[in-house]
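Participant: compute the structure for the input listed below.
(2 chains)
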Amino acid sequence: MENQEHVTILLVEDDPGHAVLIEKNLRRAGIVNQIIKLDTGQKAVDFLFKNGESHGNDLTAPFLVLLDLNLPVLSGYQVLEALKNEERTKTIPVVILTTTDNPHEISRCYELGCNVYVTKPVDYEQFSEAIRKLGLFLSIVRISEKRQA
Amino acid sequence: MANLEDVTILLVEDDPGHAQLIEKNLRRAGITNTIVKLDDGQKCVDFLFKKGEYSGDDHRPPFLILLDLNLPVLLGYQVLEAIKGDARTKAIPVVILTTTDNPQEISRCYELGCNAYMTKPVDYEQFSEAIRKLALFLAIAKVSEKKP
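Facilitator: Numbering: from 1, shown residues only, chains lettered A, B, ... in the order given. From the prediction side, this is the model:
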């Protein structure tokens, strides 16, 4: 992100293979930001609301969240709802990155306030390419710098 | 499923030079969607809610909106607020595409519910490149099909 290398990317993904593929291709697209990987919905909520597990990182930094919907413990929908219903976190951009392309699920996410929805391609090469395009897009967007309380 | 080709892109931009540059570079990046150009904020709201000069129009969703903030008649902020404040239109993705990179303006737009914010680079080549990157991304994004 232009002048926004201090934005931390939170990758909420329980499939370790996908997590590796996503991180690798973001790097290939030139993203140098810190990427924190969390593998359950609960960990994402805990991290962002600073309860439970903390990762010892600067929790006042701005964030961007890449969020799978199919997560253990707390589903992606519940994470999205929690983030977008709370003053402290509602301006954090959330990019849904998930396997389903069901129109009802897509609408549901936009209704809940997701910023963008991306369906993971099934094909490995197309998946990699989609992540690189996401990376290029992240390099041109601005993030809200509002500090969380 | 809303294939990207079905999505109508509303480009709300009052600077004709910018409007042309944006459209040209979206096309160069392979975007074939219908692009509707509106040059003030009121026209955008009227278009979406089928009022004023657009009442009786039969344009249909899904839509994606590229929105400048510095608009005549109705400001970009007011357009954003109107879109995100109405249940019929709040799921429409709105990408702010404007000249200012003031952090307070950026925060304000996210508070109002914008989906993404892009600052127009001053340099012509970088502006073109940013639009092409936006287009590549639009090619992988899904939008809501909900009818207003």
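Participant: okay, CA-based contacts and neighbour counts for the rest of this
Facilitator: Noted.
Participant: shouldn't B:Leu11 be within a strand?
Facilitator: Yes - B:Leu11 forms part of a strand when assessed by DSSP: H, G, I helix; E, B strand; the rest coil.
Participant: show the pLDDT at it.
Facilitator: Per-residue confidence at B:Leu11 stands at 98 (pLDDT).
Participant: and B:Glu145, by the same measure?
Facilitator: For B:Glu145, pLDDT reads 82.
Participant: roughly how far apart are the residue nearest to it when sequence neighbours are not counted and chain A?
Facilitator: Spatial nearest neighbour of B:Glu145, chain neighbours left out: B:Pro62 (5.2 Å); criterion: C-alpha to C-alpha, 6 or more residues apart in numbering or on different chains. Counting by C-alpha to the nearest C-alpha, to the nearest Å, the gap between B:Pro62 and chain A amounts to 11 Å.
Participant: wait, B:Pro62 sits on B:Asn33?
Facilitator: No - B:Pro62 is not in contact with B:Asn33 according to C-alpha atoms under 8 Å; the separation is 11.2 Å.
Participant: need the residues touching each of the two.
Facilitator: Common neighbours of B:Pro62 and B:Asn33, using C-alpha atoms under 8 Å, 6 or more residues apart in numbering or on different chains, are B:6-8.
Participant: between these, which has the most around it?
Facilitator: Using other C-alpha atoms under 10 Å in any protein chain shown as the neighbour criterion, B:Val7 leads those with 21 neighbours.
Participant: OK, contacts around residue 91?
Facilitator: If you meant another chain, say so; for now it's chain A. A:84, A:144, B:107, B:110-111, B:113.
Participant: not quite, I wanted chain B
Facilitator: A:107, A:110-111, A:113, B:84, B:144, B:146.
Participant: so which of the residues you listed belong to helices?
Facilitator: Judged by DSSP state H, helices contain the following of those: A:107, A:110-111, B:84.
Participant: for chain A, which residues are neighbours of chain B?
Facilitator: A:90-91, A:93, A:101-103, A:106-107, A:110-111, A:113-119, A:130, A:133-134, A:136-137, A:140-146 (C-alpha under 8 Å from any C-alpha of the partner chain).
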